[in-house]
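**Student:** structure for the following, please:
(chains A and B)
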Protein chains: 2
Amino acid sequence: MLDHLRRYLPVLDWGRQYNRHALSNDLIAAVIVTIMLIPQSLAYALLAGLPPEAGIYASIAPILLYAVFGTSRALAVGPVAVVSLLTASAIGQVAEQGTAGYAVAALTLAMLSGGILVLMGLLRLGFLANVLSHPVIAGFITASGILIAASQLKHILGVEAHGHTLPEIVMSLLSHLDQTNWITLVIGVAATGFLFAVRRYLKRALLAIALPPLLADILTKAGPVLAVVGTTVAVWGLNLDDAGVRIVGEVPQSLPPLTLPSFAPDLIAALIVPALLISIIGFVESVSVAQTLAAKKRQRIDPDQELIGLGAANLGAAFTGGYPVTGGFARSVVNFDAGAETPAAGAFTAVGLAVAAVALTPLVFYLPNATLAATIIVAVLSLVDLTILQKTWAYSRADFAAVAVTILLTLGLGVEIGVASGVLISVLLHLYKTSRPHVAEVGRVPGTEHFRNIHRHDVETDPGLVTLRIDESLYFANARFLEDLVQKRVTEGCAIRNVVLMFSAVNAVDYSALESLEAVNHRLKDMGVGLHLSEVKGPVMDRLKRSHFLDELNGRVFLSQHDAWAALAGSGGGA
Amino acid sequence: MLDHLRRYLPVLDWGRQYNRHALSNDLIAAVIVTIMLIPQSLAYALLAGLPPEAGIYASIAPILLYAVFGTSRALAVGPVAVVSLLTASAIGQVAEQGTAGYAVAALTLAMLSGGILVLMGLLRLGFLANVLSHPVIAGFITASGILIAASQLKHILGVEAHGHTLPEIVMSLLSHLDQTNWITLVIGVAATGFLFAVRRYLKRALLAIALPPLLADILTKAGPVLAVVGTTVAVWGLNLDDAGVRIVGEVPQSLPPLTLPSFAPDLIAALIVPALLISIIGFVESVSVAQTLAAKKRQRIDPDQELIGLGAANLGAAFTGGYPVTGGFARSVVNFDAGAETPAAGAFTAVGLAVAAVALTPLVFYLPNATLAATIIVAVLSLVDLTILQKTWAYSRADFAAVAVTILLTLGLGVEIGVASGVLISVLLHLYKTSRPHVAEVGRVPGTEHFRNIHRHDVETDPGLVTLRIDESLYFANARFLEDLVQKRVTEGCAIRNVVLMFSAVNAVDYSALESLEAVNHRLKDMGVGLHLSEVKGPVMDRLKRSHFLDELNGRVFLSQHDAWAALAGSGGGA
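**Tutor:** The predicted model follows:
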């Protein structure tokens, strides 16, 4: 019973060993992450089209719930760039931005996503994430980064613009270019330049003046906070908001409110596919980060329990004014580097953010949207990695095709079509590759019991006997290939009296392949040719025995290929 | 050049050897098939919701074109039950039955389907048909048979009814039951009973009175013609059409007209997915029939050229007043059994049908629709095979799930959702199965160079060394499994210093798996554990060399597992 509880509540594991040392490490990490998360949470809410507080709320309850149910010691859960983009894309189709319906749709999306994740965890369906191949994920993340950066340019320019695809966004920006607010542009460009400089040079500079690495790190991570403070003070001091600079404005001073997602069937039907997509993409990203960090301390995470942890976090977001969340790469790395030892660091971060939500929100009244946009642009451009195109091109054309299709369609037709097409093409390419397995025609190495490819080795063959070694499990994608192959080979040689299929590398035979074997058997029987099997593995044999195939086989099953040769060679041609 | 032409025009092959003997055999077969096809063509047109002549037109030009481009000697191309149902379902969504738009949509569907098939043939994309596993096809055909039979009951009852799913059809029939036309019902039931009796008993009875088998066969196949003649005469003689019995009515006396499908982008967009479905299902059915018949004469068919043959047939249908066609099972078997030797038999059948279209159509004026419905019901119920549920249950639960989902969803939600779900679940189950490949931890059989599963054999192991033999190619679906597995195994034992992955059964490593290997390598490096490979196959090694993996490998690649053991065993634990 307790074991069962501990499986679903990892907190019972690490909580019992919690001590003063871990506490102080977790506290330090929490302070650093909180400083980093305040501007980031506001920014991602902006990206999702939600009011700024939604980003902070989405970081509080979810972090606490993940701390209870999650298995990673260092993962920091909250709003992330790609999921925010997916959220904007999904709920933009069902509600108008800025309306109450929009916020409710975001809650509903979080609830659905949480429900799907918990369900997948309970049913141990984590394998569903495997439909996303690495090239598809890499292509999708890169294209999303480009889309997100492009979508933020309107805040830098201070204009209105819309669109969910790159051509739409670019056309919309160009058509509004004449309305550019020059003061906003100056703020935006300055903030972006500052953040890039901090990211690229500050840490190195600080280390050069002999600051301790941890302090240098904290100061670097505080870059966005400096940009926020600097531009907020500038807007406030110079009354730039009167000159048309858009600012964050009033943010309620409150703990996360209790909210209720919608259970309207129409809305759920419209959001269920995007929710599935968000769940799977969020899960894959999160698990990769968690696994990388766990390995550094020789710990491990349990992917099925991770589903439950992330699901609980999303359900938490749904009922406390948030929107879909997942484990973020940047914040988790910061958390880890800052010394977080247990999920308690996350709980302390949540407390820090709650304090910020109650006490600090008036301070961001004059914060310009352009600064938040700059934060997002700098963060997401680090996700853009077009070298994946080169790397996959060098390694395998099929993988390159998957990346290229995913990037082009995500940019050109939007995130949902992009990732769906990427998955489709990966699966089709896999089916294509395995639909033509390697098959070798083998003969006997003279004087031995070894059988080798007749095209590579000097081996004995028999005109009445054809032996085909199949180097792949047989299943629906290659069942027809097998039929075609045998028929082709047998119609080539009129002297052929027996065909042996050598099953040494066949790990499984599904029902489609069974029916193909039956068809091959009947066709060979019609031609007066015997069909035999050799070296069939135990589990495959057990399964074949459940069908009538072995009863109807127009030939025998030989334990070894040598037995088959001994029985059939020489009996052919002349028969 | 000539070889190239002959590849795309199989007629050049068999045409040169054509002789008097083949001619007489082909002529006899053509007469029998023509007699069978006249009622069948009218009936399937009714099923597709088209005027009766469309069925005859769809049998003329397509047969001629297939004779030129197809590779099967016995395949008879034309309207078939399942494709007629798919046609009705597809064009019912874009046009009202009975309107000119409906007929044009049918032509457009045939054109798209023909275009897709030819394109797949030229690009050698026949493998796409492999996404349909046998259980999905069997489930789909069975459910379609039930749906078709149910949809024809309205003609037997003489009522109006609609619907594309079983519940819809049944509810619609029940709500119109009070309008049953009793005379129609008598005709329908009598015709159905007669046709069942002919199919089941007539041939046996005729053989019992010592008729020659061929004649007995012709008479049996003429059963539908007898039913047509009998009921037509009854309606005409007794003026039953005045009593509300629906009849075929006027059918134009004409050769197939030249028609033009629509090129409207909207219509094409709406029909492209159904056209793809019709193409793939038609192709799979047709190739299975063709392959079975070819094997009986030790001939073979070329699946890629079959795509071109069927594509040409559909393009022909699109421009001559037809609708989508494919190779039919029943008619091809009749053609084969009647002695057809070459595709010329098909050409003669086309001539016979053309004569019928010009001369005989007035004779079917009084033919009751109920008789045609009876023909369809008797034909499709032979397709219904629910034993597939038992067979797959006994053989493999995964295949059973695919059949059951396909049958239930086809009946409950319609043909398109049914077959799409079937394909989806087959692919997911395959990914699931291969996402957890068999992996054995191996040790050395004492005193030898053999390495076997430590759980099955009494072997030597080393506390500092873990060797995992992976019995499957590595690709995106099992890439994460590999990461989890290695991490789990290594975090279990603190003494582990080296991990060897034995690649003897790995035939391929895709880019996802490469990245997983890189991740495993980095994580093990972080833990201070070496990663080594052994027995890597040539092609896999060549591909790995195209990446940086081997340069970064925190360990070595050993030619044999024995080399790895010799180098690493004993160096572990204490290191």
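**Student:** can you give me phi and psi for residue A:549?
**Tutor:** Note on residue A:549: backbone dihedrals following degrees, to the nearest 10 are phi -60, psi -50.
**Student:** is it true that it touches residue A:515?
**Tutor:** No. Taking CB atoms under 8 Å as the definition, residue A:549 is not a contact partner of residue A:515, at 9.1 Å. (Each C-beta comes from the backbone N, C-alpha and C, glycine too.)
**Student:** more neighbours: which of the two?
**Tutor:** residue A:515 (25 against 18; other CB atoms under 10 Å in any protein chain shown).
**Student:** host element of the more buried one?
**Tutor:** Applying DSSP states H and E as the criterion places residue A:515 in helix A:511-527.
**Student:** and chain B, is that helix touching that?
**Tutor:** Yes. Using CB under 8 Å from any CB of the partner chain, helix A:511-527 reaches chain B at A:511-512, A:514-516, A:519, A:522-524, A:526-527.
**Student:** in CSV, list those residues along with pLDDT.
**Tutor:** Output for the residues of helix A:511-527 next to chain B, formatted as CSV (pLDDT from 0 to 100):
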residue, pLDDT
A:511, 91
A:512, 90
A:514, 93
A:515, 89
A:516, 91
A:519, 90
A:522, 90
A:523, 88
A:524, 91
A:526, 86
A:527, 86
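**Student:** what domains does the record give for chain A?
**Tutor:** A:20-127+A:176-386, A:439-568 (automatic domain parsing).
**Student:** tell me where the model's unsure across the stretch 451-575 of chain A.
**Tutor:** Residues of the stretch 451-575 of chain A that meet the criterion pLDDT under 70 lie in A:571-575.
**Student:** what ranges does it have for its strands?
**Tutor:** Per DSSP state E, counting those that start in this stretch, the stretch 451-575 of chain A carries strands over the ranges A:451-453, A:465-470, A:498-502, A:530-534, A:557-558.
**Student:** who does the fourth one touch, helix- and strand-wise?
**Tutor:** Pointing back at strand A:530-534 there. strand A:498-502, helix A:511-527, strand A:557-558, helix A:561-568 (3 or more CB pairs under 8 Å, 6 or more residues apart in numbering or on different chains; DSSP states H and E).
**Student:** tell me the first helix or strand C-terminal of the lowest-mean-pLDDT helix or strand in chain A.
**Tutor:** Lowest by mean pLDDT, DSSP states H and E among the helices and strands of chain A is helix A:2-8, with a mean of 69. Per DSSP H and E, helix A:2-8 leads on to helix A:11-15 as the next helix or strand towards the C-terminus.
**Student:** that next one: which residues count as buried?
**Tutor:** Residues A:11, A:14 are the ones in helix A:11-15 that count as buried (16 or more other CB atoms under 10 Å in any protein chain shown).
**Student:** residues in contact with it?
**Tutor:** When contacts are defined by CB atoms under 8 Å, 6 or more residues apart in numbering or on different chains, helix A:11-15 is touched by residues A:2, A:5-6, A:67-69, A:73, A:342-343.
**Student:** could you rerun that using 10 Å?
**Tutor:** With CB atoms under 10 Å, 6 or more residues apart in numbering or on different chains as the test, helix A:11-15 has contacts from A:2, A:5-7, A:9, A:18, A:22, A:67-71, A:73, A:341-344, A:347.
**Student:** what residues are up against the residue of the stretch 51-200 of chain A found nearest chain B?
**Tutor:** When distances are taken as CB to the nearest CB, the stretch 51-200 of chain A reaches nearest to chain B at residue A:133, 3.4 Å away. Contact analysis of residue A:133 by CB under 10 Å, 6+ apart lists A:139, A:398-399, A:402-403, A:406, A:422-423, A:425-427, A:429-430, B:475-477, B:479, B:510-513, B:515.
**Student:** same question for residue A:400.
**Tutor:** A:135, A:139, A:388-394, B:511.
**Student:** please save the CA atoms from the helix holding residue A:515 in PDB.
**Tutor:** The C-alpha trace of helix A:511-527 is given here as PDB (Å, rounded to 0.1, in the frame of the first residue of the first chain):
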ATOM      1  CA  TYR A 511      -1.500 -11.500 -38.700                       C
ATOM      2  CA  SER A 512      -1.000  -9.700 -42.000                       C
ATOM      3  CA  ALA A 513       2.300 -11.600 -42.500                       C
ATOM      4  CA  LEU A 514       0.600 -14.800 -41.500                       C
ATOM      5  CA  GLU A 515      -2.000 -14.300 -44.200                       C
ATOM      6  CA  SER A 516       0.800 -13.500 -46.700                       C
ATOM      7  CA  LEU A 517       2.600 -16.700 -45.700                       C
ATOM      8  CA  GLU A 518      -0.700 -18.600 -46.200                       C
ATOM      9  CA  ALA A 519      -1.100 -16.900 -49.600                       C
ATOM     10  CA  VAL A 520       2.400 -17.800 -50.600                       C
ATOM     11  CA  ASN A 521       1.800 -21.400 -49.400                       C
ATOM     12  CA  HIS A 522      -1.400 -21.700 -51.500                       C
ATOM     13  CA  ARG A 523       0.200 -20.100 -54.600                       C
ATOM     14  CA  LEU A 524       3.300 -22.300 -54.400                       C
ATOM     15  CA  LYS A 525       1.000 -25.300 -54.000                       C
ATOM     16  CA  ASP A 526      -0.800 -24.300 -57.200                       C
ATOM     17  CA  MET A 527       2.600 -24.200 -58.900                       C
END
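**Student:** now the element after the lengthiest helix in chain A, going C-ward?
**Tutor:** Counting residues, the longest helix found in chain A (DSSP state H) is helix A:265-296. Where DSSP H and E defines the elements, the next helix or strand beyond helix A:265-296 is helix A:303-319.
**Student:** that following helix versus helix A:265-296: what angle between them?
**Tutor:** Following axes from the mean of the first three to the mean of the last three CA atoms, to 10 degrees, one obtains 130 degrees for the angle between helix A:303-319 and helix A:265-296.
**Student:** list the buried ones in helix A:303-319?
**Tutor:** Buried-residue list, helix A:303-319, by 16+ other CB under 10 Å: A:303-319.
**Student:** near chain B, from those residues?
**Tutor:** Restricting these to those touching chain B (CB under 10 Å from any CB of the partner chain) yields residue A:303.
**Student:** just give me the neighbour total for residue A:182.
**Tutor:** 11.
**Student:** cool, residue A:449 as well?
**Tutor:** Neighbour count of residue A:449, defined by other CB under 10 Å: 12.
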